[in-house]
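S.K.: Curious how this folds, go ahead:
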Amino acid sequence: QVQLVESGGGLVQAGGSLRLSCAASGHTDSTYVMGWFRRAPGQKREFVGCIRWSAVTTIYAESVEGRFTISRDNAKNTVYLQMNNLKPEDTAVYYCATADYLATTQDAYNYWGQGTQVTVDS
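M.R.: Predicted coordinates:
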C-alpha cells in the first residue's frame, strides 16, 4: 500500500503561481512513476504530467507544457508540481498518483491521493 497526500492548493490570481506537493508513504518502492492529474468542474479527470522516480524524465500535457514543472525529492518521498502563469482554466482538483511505468492514462495509475483544490481567479 502507498499513501499519497497532496498539499499546497489554494486561491490565486490569474498569472500567479502555486506549488503543489505530494508526499508518499508506505511501500514507496512502488512509486516508480508519480503522476499529476486534475478534474475541473463538470469535466473528466485529465492528465497533467508525470515523472519517473529514479531519473529525470517527465511528460507533460500540452495544455501545461512550459508553465508547469514536475520535480521530486527522493529523500523526502515527495513530488512537486510547480505551476506558473496560472489561468482560470487551470481551476481544478489536482491529484497525484503512482504507476509502474510512464503513462498518461489513468488506468495505469494504482494509488491516488485525495486531491487538493486549485482555484484561479480572473
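S.K.: now R52, nearest residue through space, not along the chain?
M.R.: If the residues on either side of it in the chain are set aside, R52 comes closest to V33, at 5.5 Å by CB to CB, 6 or more residues apart in numbering. No exception for glycine: its C-beta is placed from N, CA and C like everyone else's.
S.K.: count of neighbours near the closest residue to V48 other than its chain neighbours?
M.R.: Using CB to CB, 6+ apart and skipping residues adjacent in sequence, the residue nearest V48 is W36, 4.1 Å away. Residues within reach of W36, counting by other CB atoms under 10 Å, total 26.
S.K.: from what I can see W36 touches V93, true?
M.R.: No. Contact criterion CB atoms under 8 Å: W36 and V93 do not qualify, at 11.3 Å.
S.K.: who does the helix or strand containing S21 pair up with?
M.R.: Assessed by DSSP states H and E, S21 sits inside strand 18-26. According to DSSP bridges, strand 18-26 forms sheet pairs with strand 2-7 (antiparallel), strand 78-83 (antiparallel).
S.K.: residue contacts, the residue nearest to R52?
M.R.: Counting by CB atoms under 8 Å, 6 or more residues apart in numbering, V33 touches 50-53, 98-103.
S.K.: Who wins on neighbours among the residues you listed?
M.R.: C50 (27 neighbours).
S.K.: That one pairs with what?
M.R.: Beta-bridge pairing for C50 (DSSP bridges): G35, I59.
S.K.: Thanks a lot, catch you later.
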